[in-house]
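Student: Attaching a predicted model along with its sequence, questions to come.
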Amino acid sequence: MKVKTIGVLTSGGDAPGMNAAVRSVVRTSIAKGLNVVGIKRGYNGLISGEVVPMDLRSVSDIIHRGGTILYTARSPEFKTEEGMQKAISTCKDSGIDGIVVIGGDGSYRGARDLSLRGIPCVGIPGTIDNDIACSEYTIGFDTAMNTAVEMVDRLRDTAQSHERCTVVEVMGRNAGHLALHTGIAVGATAIIVSEVAYDIERDVVARMRRTQLSGKKHFIIVVSEGVGHVDQMAKQIELLTGIESRATVLGHVQRGGSPSVRDRVIASQMGHKAVDLLAGGIGNRVVAMKDSHIVDYDIYEGLSMQKGLDIELYKIAHEISI
Ligand code: ADP
Ligand code: F6P
């Protein structure tokens, strides 16, 4: 089917670079002679009909901004048949015949359900967690890593001055990618992620004692959100080592801020690819990165893939933090 009007929405947790993706979708659509509209507040806006026209200038001055100008939401109603029917009505009323969904794998499942009901959708991976199985990379990951590293560098200053141990929790939901990359980039003494079983005595305390013998006086322990309990962990470390310890949860600071070059560029490429697909009459796809190239998969295939933690990187991190 020939698509005439493309809708674009952002869904799930916001991620730096989502605006660059929206901009790319809008500008590519217009360049191809298509109408393009923005759907506000993710699937909630599709249910309530919050549809706004987008023109070339509607996406001016946003490429450098974090968050999403379209707002985002998690929409439990969209998972109900009633919500889904309202969303389809909005598409019909607004003439939307193809949608670009920028979000995580939950948002992809919503896109799959819409595609099943005759609204062609294309997903773009947007989440700081980098946990979308079919894609090596998700928009926002690079910026979030750099933010986390900057924050841990600050924690290092105070840990160094007080000769303390700083235990820091990094986001990522159940995935340890953000924690692993942050941990290796800050030279953490230990990185604890939920994908790898750990023992506090063996994997934290013994490592601290070993590095202490060669003169180390302050310690950084990076913990992924999926493991959590950093307050308790800091108390336990202090008890077992006698080294004063403090816990910090980085939280939502990691989600904000101006997107990095990498996020802006990849978002621009992915937005372009998504519109290319829809304009060519191809829906029910997800845009992804494979071997550093932008590719696309069938949405079912994409959702059925598995992605583990980079165990080689995990081993390297621990081998060199001695
Ligand atoms: P993310 O897209 O970042 O993974 P969520 O998991 O919160 O974030 O999903 C975003 C939205 O996508 C949900 O609020 C819901 O509206 C929709 N969604 C999530 N899971 C499903 C599902 N299994 N079926 C249909 N829609 C879903
Ligand atoms: O998916 C992005 C993310 O920031 C996760 O890392 C985290 O678990 C979750 O969203 C937090 O969600 P909320 O913003 O709803 O608290």
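Tutor: Received it, and whenever you're ready, just let me know what you need. Ligands and ions are numbered 1, 2, ... in the order given.

Student: now the residue positioned nearest the centre of the chain, nearest residue through space, not along the chain?
Tutor: Against the mean C-alpha coordinate of the chain, by Cα atoms, centre = their mean, the closest residue is Thr127 at 1.7 Å. Spatial nearest neighbour of Thr127, excluding adjacent residues (Cβ to Cβ, 6 or more residues apart in numbering): Gly104 at 4.0 Å. (Each C-beta comes from the backbone N, C-alpha and C, glycine too.)

Student: OK, contacts around that neighbour?
Tutor: Listed by Cβ atoms under 8 Å, 6 or more residues apart in numbering, the contact partners of Gly104 are Ser11, Gly12, Gly13, Pro125, Gly126, Thr127, Asp129, Asp131, Ile132, Thr138.

Student: repeat that with 10 Å
Tutor: Contacts for Gly104 (Cβ atoms under 10 Å, 6 or more residues apart in numbering) come out as 11-13, 15, 123, 125-129, 131-132, 138, 140, 173.

Student: and of those, the nearest to Ser260?
Tutor: Gly140 (9.3 Å; Cβ to Cβ).

Student: Please report how far that closest one lies from Arg262.
Tutor: 10 Å (Cβ to Cβ, to the nearest Å).

Student: Same question for Ile132.
Tutor: Counting by Cβ to Cβ - Ile132 and Arg262 are separated by 16 Å.

Student: Looking at those two, which has the bigger crowd around it?
Tutor: Higher neighbour count among Ile132 and Arg262: Ile132, with 29 against 16, using other Cβ atoms under 10 Å.

Student: any idea what that one is structurally, helix, strand or coil?
Tutor: Three-state assignment for Ile132 (DSSP: H, G, I helix; E, B strand; the rest coil): coil.

Student: for Lys92, same thing?
Tutor: Going by three-state DSSP: Lys92 is helix.

Student: hang on, it packs against Val51?
Tutor: No: judged on Cβ atoms under 10 Å, Lys92 makes no contact with Val51 at a distance of 11.6 Å.

Student: Which one's more surrounded, those two?
Tutor: Val51 (21 against 11).

Student: hmm, back to that, report the set of residues contacting both of Gly140 and Arg262.
Tutor: Gly17.

Student: Run through the strands of the chain in chain order.
Tutor: Here the chain has its strands, by DSSP state E, at 5-10, 35-39, 51-53, 98-103, 121-125, 165-170, 190-192, 219-224, 245-249, 285-290, 293-298.

Student: Mind listing the strands the fourth one pairs with, and their directions?
Tutor: Each strand paired with strand 98-103, and its direction, by DSSP bridges: strand 5-10 (parallel), strand 121-125 (parallel).

Student: what angle do the last one and strand 293-298 make?
Tutor: Orientation note: strand 121-125 sits at an angle of 140 degrees relative to strand 293-298 (axes from the mean of the first three to the mean of the last three Cα atoms, to 10 degrees).

Student: Helices along this protein, start to end?
Tutor: With DSSP state H as the criterion, the chain has helices at 18-31, 42-48, 81-94, 105-116, 141-162, 177-186, 206-213, 230-241, 261-279, 299-304, 311-320.

Student: on that earlier part again, list buried residues within the contacts of Gly104.
Tutor: Neighbour counting with 16 or more other Cβ atoms under 10 Å marks 11-13, 15, 123, 125-129, 131-132, 138, 140, 173 as buried within the contacts of Gly104.

Student: what's the most distant pair in the residues you listed?
Tutor: Gly123 and Arg173 (17.6 Å).

Student: List the residues that contact the nearest residue to Ile200 once chain neighbours are set aside.
Tutor: Excluding its sequence neighbours, the residue lying closest to Ile200 (Cβ to Cβ, 6+ apart) is Gln236, at 6.0 Å. For Gln236, the contact set (Cβ under 10 Å, 6+ apart) comprises Val167, Ile200, Glu201, Val204, Val205, His229, Ser245.

Student: Identify, from the residues you listed, the entry nearest to Arg112.
Tutor: For those, the nearest to Arg112 is His229 (34.5 Å; Cβ to Cβ).

Student: from what I can see the closest one touches Tyr198, true?
Tutor: No: counting by Cβ under 10 Å, His229 sits too far from Tyr198 to count as a contact (11.9 Å).
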